[in-house]
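Visitor: make a model of this:
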Amino acid sequence: MTEISPWHWAGFIVCIVFFIALDLGLFSRRARAVGYRQALRWTGLWVLLALLFALALGCWRGRAEALQFSTGYLIELSLSLDNILVIALIFSAFRVSPALQHHALAWGILGALVMRGLMIGVGAALIHRYAWVLYVFGAFLVFTGIKTAFSRRGAIDLEKQPLVRLARRCFPISADFDGLRFITTMNGRRALTPLALVVLLVESSDLLFAFDSVPAVFSVTRNAFIVFTSNVFAILGLRSLYFLLAGALDYFRYLKFGLAVVLVFVGAKMLVEPHSQTARWFQWEISNSVSLLTIISILAVTMALSVAAARRERRGA
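Guide: Next up, the predicted model:
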């Protein structure tokens with residue numbers, strides 16, 4: 001089996017940076033709304049690229065690691081659906097026009113990739129040095145899953161957002177958007193535009209979700225390269241997935257509970273499996289194939305119940 005060298009890391013990162021630079025420099029140069037068909041094509045492209053990467057990984061590193069990547073990618077993609085709901089609330093609170101949403105998400109995803117990379121590096125180093133950290137991750141995921149199941153999410157009150165209040169204390173904020181600009185001129189002074197605050201909140205929301213999603217993938221593999229690549233493919237597909245699903249959020253009413261069950265399952269998997277010499281009495285291991293089928297089943301049942309409930313309401317109306 002070929003070892004993963006720094007050159008493999010560098011080659012993958014260079015490819016990702018190229019696609020992001022192409023997007024920001026070519027496709028995000030002007031404000032434009034993303035249509036359903038375009039979002040569908042881009043979503044299909046990113047899913048196809050992830051599948052091709054899994055096939056390449058299987059030929060290069062073996063079937064086991066290809067399955068680890070696929071399971072990690074599905075976990076990241078499913079947890080990203082909850083992030084889509086939060087992004088929709090942020091756009092609604094700021095009244096961001098569809099033409100500007102594409103640009104805001106592009107910069108938000110760029111920052112998310114950097115933050116995820118740093119978190120994965122720190123997490124991998126901790127696990128390598130202290131294997132028992134995986135039990136801490138597992139307990140945290142179970143707690144987060146239970147908390148998610150009973151939490152309520154409504155409209156975002158901008159006046160109660162700490163980052164918004166901090167930004168307003170440190171910088172003048174313009175009342176209106178200025179195209180794609182993050183900085184504008186107001187009364188002869190430089191000021192942040194609302195678009196800058198939108199990107200800031202999108203970044204902060206992804207950081208919060210990363211505390212769940214990154215440890216969740218470590219339940220599947222300890223290989224930092226697989227954890228990183230599965231995160232990257234899920235994040236890169238997040239923007240097109242948002243435009244694909246933004247008009248159908250009514251069909252995701254039970255998604256929160258499904259994702260809560262996924263978090264509890266993944267956390268429980270980390271708790272019952274042996275990770276260190278001090279936990280030899282744990283002998284129950286859940287294979288990645290079983291994990292993949294379980295997560296798919298949870299999401300399928302959740303979406304089926306959501307769609308059925310939405311259709312009943314529409315028929316009743």
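
Visitor: C-alpha from now on. contacts and neighbour counts both.
Guide: Fine.

Visitor: just the helices in the stretch 101-250 of the chain please.
Guide: For the stretch 101-250 of the chain, the helices defined by DSSP state H, counting those that start in this stretch occupy 133-150, 162-170, 194-218, 224-236, 238-245.

Visitor: show the average pLDDT along the first one.
Guide: Regarding helix 133-150, the rounded mean pLDDT is 90.

Visitor: quick one: residue 65 and residue 217, what's the gap?
Guide: 13 Å (Cα to Cα, to the nearest Å).

Visitor: which of the two has more neighbours?
Guide: Neighbours per residue, other Cα atoms under 10 Å: of residue 65 and residue 217, the larger number sits with residue 217, 27 against 20.

Visitor: wait, which of the helices of the stretch 101-250 of the chain is closest to residue 92?
Guide: Closest of these to residue 92 is helix 194-218, at 10.3 Å (criterion: Cα to Cα).

Visitor: just for the stretch 51-200 of the chain, where's the confidence low?
Guide: 153-155 (pLDDT under 70).

Visitor: now the strands for it?
Guide: 183-186, 189-192 (DSSP state E, counting those that start in this stretch).

Visitor: just checking, what packs against the first one?
Guide: What it means is strand 183-186. strand 189-192 (3 or more Cα pairs under 8 Å, 6 or more residues apart in numbering; DSSP states H and E).

Visitor: what is the neighbour count of residue 198?
Guide: Neighbours around residue 198, by other Cα under 10 Å: 23.

Visitor: that one and residue 90 touch, don't they?
Guide: Yes. Contact status for residue 198 versus residue 90: in contact at 6.9 Å, counting by Cα atoms under 8 Å.

Visitor: with distance to residue 205 and mean neighbour count added, can I get the strands of the stretch 51-200 of the chain in TSV?
Guide: Below are the strands of the stretch 51-200 of the chain laid out as TSV (distance: least, Cα to Cα, whole Å; neighbours: other Cα atoms under 10 Å):
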stretch	distance to residue 205	mean neighbour count
strand 183-186	22	16
strand 189-192	20	16
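
Visitor: out of these, nearest to residue 134?
Guide: strand 189-192 (41.0 Å).

Visitor: which strands and helices lie in contact with the closest one?
Guide: Looks like strand 189-192 contacts strand 183-186 (3+ Cα pairs under 8 Å, 6+ apart).

Visitor: partner strands of the strand it packs on and their direction?
Guide: Here strand 183-186 is paired, per DSSP bridges, with strand 189-192 (antiparallel).

Visitor: show me what counts as buried in stretch 64-76.
Guide: 65-76 (16 or more other Cα atoms under 10 Å).

Visitor: so which of the residues you listed belong to helices?
Guide: 65-76 (DSSP state H).

Visitor: give me the most central residue, the protein.
Guide: Nearest to the geometric centre of the chain sits residue 80, at 3.7 Å (Cα atoms, centre = their mean).

Visitor: circling back: and which of the buried residues of stretch 64-76 is nearest residue 261?
Guide: residue 75 (11.9 Å).

Visitor: quick one: contacts for that closest one?
Guide: Counting by Cα atoms under 8 Å, 6 or more residues apart in numbering, residue 75 makes contact with 213, 216-217, 295.

Visitor: top of the residues you listed by neighbour count?
Guide: residue 216 (29 neighbours).

Visitor: check contacts around that one.
Guide: 72, 75, 137-138, 141, 263, 266-267.

Visitor: with distance to residue 304 added, can I get those in CSV?
Guide: Shown next, in CSV, are the contacts of residue 216 (distance: Cα to Cα, whole Å):
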residue, distance to residue 304
72, 23
75, 18
137, 30
138, 28
141, 25
263, 19
266, 22
267, 24
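
Visitor: ranking those residues by neighbours, who comes first?
Guide: Neighbour max across the contacts of residue 216 (other Cα under 10 Å) = residue 72, 30 neighbours.

Visitor: residues contacting that one?
Guide: 216-217, 220, 226-227, 230-231.

Visitor: and which of the residues you listed is nearest residue 131?
Guide: Of those, the one sitting nearest to residue 131 (Cα to Cα) turns out to be residue 220, at 14.2 Å.

Visitor: one step back: need the strands of the stretch 51-200 of the chain in a markdown table with distance to residue 131, can you?
Guide: Shown next, in a markdown table, are the strands of the stretch 51-200 of the chain (distance: least, Cα to Cα, whole Å):
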| stretch | distance to residue 131 |
| --- | --- |
| strand 183-186 | 45 |
| strand 189-192 | 44 |
